[in-house]
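>>> Only the shape, not the letters, is given here:
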C-alpha cells in the first residue's frame, strides 16, 4: 500500500498506533526483537537439511494429522548419517532454541514473561525477568 509513497509511512504508523496502550507497545517490541526470532529458529535449522529432506519435513507437518500412515513413514525415514529425519529436525530446533536462550538472557526473560516458556536457563535471565515484572507493574491499568 505504501510502496511508492514513503512519505506516508509515518502517518500510517501513527494511525495504526492510535489506540495502543503502553502494554501493547511493550508486547510489540518483545515480539519483534525476541519472540519472532525465537520462533524462527526452525527456519534456520531447516536450511541444514537437503532439499529432499526439507520436502519430507514440510510434507510431514502438512499431513501428520490427516494421513497418519504416511506421517509414520516419514517419521521412520533414516538420513544418510543414520538418524531419523523428523527426530533430528525436532531435536535440532529444540537445541537451537535452547542455545539462543543461553546466549541471550533477555530473550529467555521475555519468553517467560510472555508465557512462551515456563523456566529460565540462566541467573542473568532471572534478573532481567524480575526487571520486566517490575516494569510491567508501573504500566497503567489497561482496558480490555
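Here it is on my side, so go on. Remember, predicted model here, so these are calculated numbers, not experimental data. Numbering: from 1, shown residues only.
>>> in the chain, which residue is closest to the centre?
By CA atoms, centre = their mean, the chain has its centre lying nearest to residue 39, at 1.7 Å.
>>> Just the pLDDT for that one.
Per-residue confidence (pLDDT) for residue 39: 97.
>>> From residue 111, how far off is it?
Taking CB to CB, to the nearest Å as the measure, residue 39 falls 10 Å from residue 111. The way it works is simple: take the backbone N, C-alpha and C, and place the C-beta from them, glycine included.
>>> next one: residue 59
Residue 59 is 29 Å from residue 111, where distance means CB to CB.
>>> between these two, which one's more packed in?
Using other CB atoms under 10 Å as the criterion, residue 59 and residue 111 rank with residue 111 on top: 26 against 14.
>>> and that one, what element?
Using DSSP states H and E, the element containing residue 111 is helix 105-113.
>>> on that earlier part again, any idea how far the residue nearest to the centre of the chain is from residue 31?
Residue 39 is 10 Å from residue 31, by CB to CB.
>>> sorry, back to before: give me the packing partners of the helix holding residue 111, helices and strands only.
Where contact means 3 or more CB pairs under 8 Å, 6 or more residues apart in numbering; DSSP states H and E, helix 105-113 is packed against helix 36-39, helix 85-103, helix 123-137.
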